[in-house]
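>>> What follows is a predicted protein model with its sequence.
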Amino acid sequence: MKIGIVLYPTFGGSGIVATELGKALAKKGHEIHFISYNQPVRLDHFDPNIRYHEVRPFHYPLFDYQPYELALTSKLVDVVRYEELDVLHVHYAIPHASAAYFAKQILKTHGIDVPFITTLHGTDITLVGKHPAFEPVITFSINESDAVTVVSQSLKDDTYKHFAIENGIEVIHNFVEHSLYHREESSEDTARRKELAPNGERIVCHISNFRKVKRVEDVVKIFRLIRDKIPAKLILAGDGPERFKIEQMCKEFQVCDDVEMVGNVQSASEIHCISDLFILPSETESFGLAALEALASGVPVISSDAGGLPEVNKNGYSGFLSKVGNVEEMAKNALSILASDETLAQFKEQAYEHSLKFSLNNILPQYEAIYERLIKEK
Ligand code: GMT
């Protein structure tokens with residue numbers, strides 16, 4: 001099949017899922033066309049089955065705001081016509097779903113019928129999408145999508161709760177390609193671990209876009225409680241609006257010597273393979289891809305029970321869940337995992353085992369089945 005994938009090219013989870021999905025489909029022989037305003041960060045190698053089409057908005061002094069959605073719509077029309085795409089798959093509703101709808105209508109005037117799938121990822125529904133500034137467009141474009149998928153049951157429930165949806169919605173969980181995550185430490189990993197934790201301290205980590213919903217301040221609070229009891233180091237990876245506040249907080253808590261803020265990383269697995277525990281205390285989280293990436297590397301997860309996190313992190317097995325903001329319980333649970341080598345080894349094994357439920361091989365055919373169905377129904 002010839003599949004167009006519209007995505008955000010940044011470190012956000014929706015862009016990562018879309019890129020990994022496209023790469024995996026390309027490996028299976030499909031022709032994949034990524035469409036975005038920048039090269040997606042995880043699109044890092046040449047594959048003859050993959051093309052990248054850049055959307056370039058037209059700059060004109062009259063525009064206080066660049067009409068990106070129109071530039072995207074025109075690009076979609078262009079790519080579908082000239083590359084003869086069979087189907088479009090848009091990730092994150094705003095503004096991708098409405099652009100796909102508009103492109104579809106334009107293409108009809110050229111005698112082309114191209115179905116489009118919208119995959120909702122989370123904040124496009126729970127935070128941004130339900131804002132009155134967007135709600136009518138989001139409701140319309142979800143209802144007009146030829147298929148709609150969501151990354152968790154929790155997000156499906158939220159979508160029906162917040163919008164007047166008449167369309168069916170299918171849950172397809174996010175996935176990981178296990179071959180990209182390794183559980184065994186290489187000699188280089190061991191050297192890096194030694195550099196970071198020279199006295200055998202436990203290594204705890206968190207990776208996010210440092211937005212308010214991630215509650216990174218809770219990570220620092222939890223870490224301080226852990227470090228009060230056992231020697232430990234914290235790796236904070238990622239970047240975003242809250243980073244400065246977190247740096248200040250580390251100074252105030254006098255934990256800077258034990259905290260490494262490493263900024264954005266290309267591959268989460270480089271952090272996970274030297275980590276003992278991952279913390280994700282989010283306020284809302286439709287799925288929590290970062291948590292799944294940790295589990296796939298055999299790193300247990302301490303998380304909140306927000307949104308879809310209970311679908312990803314199995315309480316008492318792959319880690320523990322607590323109510324949002326309950327940092328004392330999260331620290332207690334973290335310590336119960338980290339306290340002994342035996343318990344840690346057991347949770348590491350269970351974390352990996354649980355992640356297999358979300359392996360690429362289980363999830364990919366579900367998307368392929370939708371593409372095939374829509375193409376047949378044309
Ligand atoms: O919150 C983020 O990290 C970014 C955001 C996005 O859209 O890129 O992530 C959302 O989509 C991810 C992939 O499906 C999910 O794993 C995240 O849980 C979801 N974020 C939220 O719901 C807050």
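It's in.

>>> By mean pLDDT, point me to the weakest helix or strand of this protein.
Using mean pLDDT, DSSP states H and E, the weakest-scoring helix or strand in the chain turns out to be helix 123-126, at a mean of 87.

>>> Just the C-alpha atoms of that one, please, in CSV.
What follows is helix 123-126, C-alpha atoms only, in CSV (Å, rounded to 0.1, in the frame of the first residue of the first chain):
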residue,chain,number,x,y,z
THR,A,123,-3.8,16.3,24.5
ASP,A,124,-5.6,16.8,21.2
ILE,A,125,-8.7,15.7,23.2
THR,A,126,-8.0,16.1,26.9
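
>>> how about the strands in the stretch 51-200 of the chain?
Remark: strands assigned in the stretch 51-200 of the chain by DSSP state E, counting those that start in this stretch are 87-91, 116-120, 147-150, 170-171.

>>> Pull out the buried positions in the helix or strand hosting Met330.
For Met330, the element it lies in under DSSP states H and E is helix 327-338. For helix 327-338, the neighbour count (16 or more other Cβ atoms under 10 Å) marks Val327, Met330, Ala331, Lys332, Asn333, Ala334, Leu335, Ile337, Leu338 as buried. For the C-beta atoms, the positions are set from N, CA and C on the backbone; glycine is no exception.

>>> swap in stretch 162-170?
By 16+ other Cβ under 10 Å, the buried positions in stretch 162-170 come out as Phe163, Ile165, Ile169.

>>> Flag every residue of the stretch 101-250 of the chain that's near the ligand.
Counting by Cβ under 6 Å from any ligand atom, the stretch 101-250 of the chain comes close to the ligand at His121, Gly122, Thr123, Thr126, Val151, Asn174, Asn209, Val213.

>>> One more: the stretch 251-378 of the chain?
For the stretch 251-378 of the chain, the residues in contact with the ligand (Cβ under 6 Å from any ligand atom) are Thr284, Glu285, Ser286, Phe287, Gly288, Leu289.

>>> start to end distance for stretch 209-223?
One end of stretch 209-223 sits 19 Å from the other (Cα to Cα, to the nearest Å).

>>> ok, so what distance separates the residue lying closest to Val262 once chain neighbours are set aside from Asn199?
Excluding the flanking residues, the one nearest Val262 by Cβ to Cβ, 6 or more residues apart in numbering is Ala237, at 5.0 Å. The gap separating Ala237 from Asn199 is 22 Å, by Cβ to Cβ, to the nearest Å.

>>> ok, now Asp146?
Relative to Asn199, Asp146 is positioned 57 Å away (Cβ to Cβ).

>>> Pick out whichever of those two has more residues nearby.
Using other Cβ atoms under 10 Å, the more surrounded residue of Asp146 and Asn199 is Asp146, with 21 against 7.

>>> isn't that one right up against Arg373?
No: assessed by Cβ atoms under 8 Å, Asp146 is found out of contact with Arg373, at 9.3 Å.

>>> Figure out the length between the terminal residues of stretch 347-366.
Stretch 347-366 has an end-to-end distance of 29 Å (criterion: Cα to Cα).

>>> about what we covered before: closest one of the buried residues of helix 327-338 to the ligand?
The closest of the buried residues of helix 327-338 to the ligand turns out to be Met330 (Cβ to the nearest ligand atom; 17.9 Å).

>>> Contacts only, for the closest one.
Applying Cβ atoms under 8 Å, 6 or more residues apart in numbering to Met330 gives the contacts Asp218, Ile222, Ile279, Pro281, Ile302, Ser304, Phe320, Ser322.

>>> As TSV, those residues with secondary structure and pLDDT would be great.
Formatted as TSV, the contacts of Met330 follow (DSSP: H, G, I helix; E, B strand; the rest coil; pLDDT from 0 to 100):
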residue	secondary structure	pLDDT
Asp218	helix	98
Ile222	helix	98
Ile279	strand	98
Pro281	coil	98
Ile302	strand	98
Ser304	strand	98
Phe320	strand	98
Ser322	strand	98
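
>>> Nearest to Val80 among these?
Using Cβ to Cβ, Ser304 comes nearest to Val80 of those, at 40.8 Å.

>>> That closest one and Cys250, how far apart?
Distance, Ser304 to Cys250, by Cβ to Cβ: 21 Å.

>>> now do Leu88
44 Å.

>>> What is the longest helix seen in the chain packed up against?
For the chain, the helix with the greatest residue count under DSSP state H is helix 360-377. Counting contacts by 3 or more Cβ pairs under 8 Å, 6 or more residues apart in numbering; DSSP states H and E, helix 360-377 packs against helix 13-27, strand 87-91, strand 116-120, strand 147-150.

>>> Please export the C-alpha coordinates of the second one as PDB.
The C-alpha trace of strand 87-91 is given here as PDB (Å, rounded to 0.1, in the frame of the first residue of the first chain):
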ATOM      1  CA  VAL A  87      -4.700   6.100   2.200                       C
ATOM      2  CA  LEU A  88      -3.800   9.000   4.600                       C
ATOM      3  CA  HIS A  89      -3.100   8.400   8.300                       C
ATOM      4  CA  VAL A  90      -3.100  11.600  10.400                       C
ATOM      5  CA  HIS A  91      -1.600  11.600  13.900                       C
END
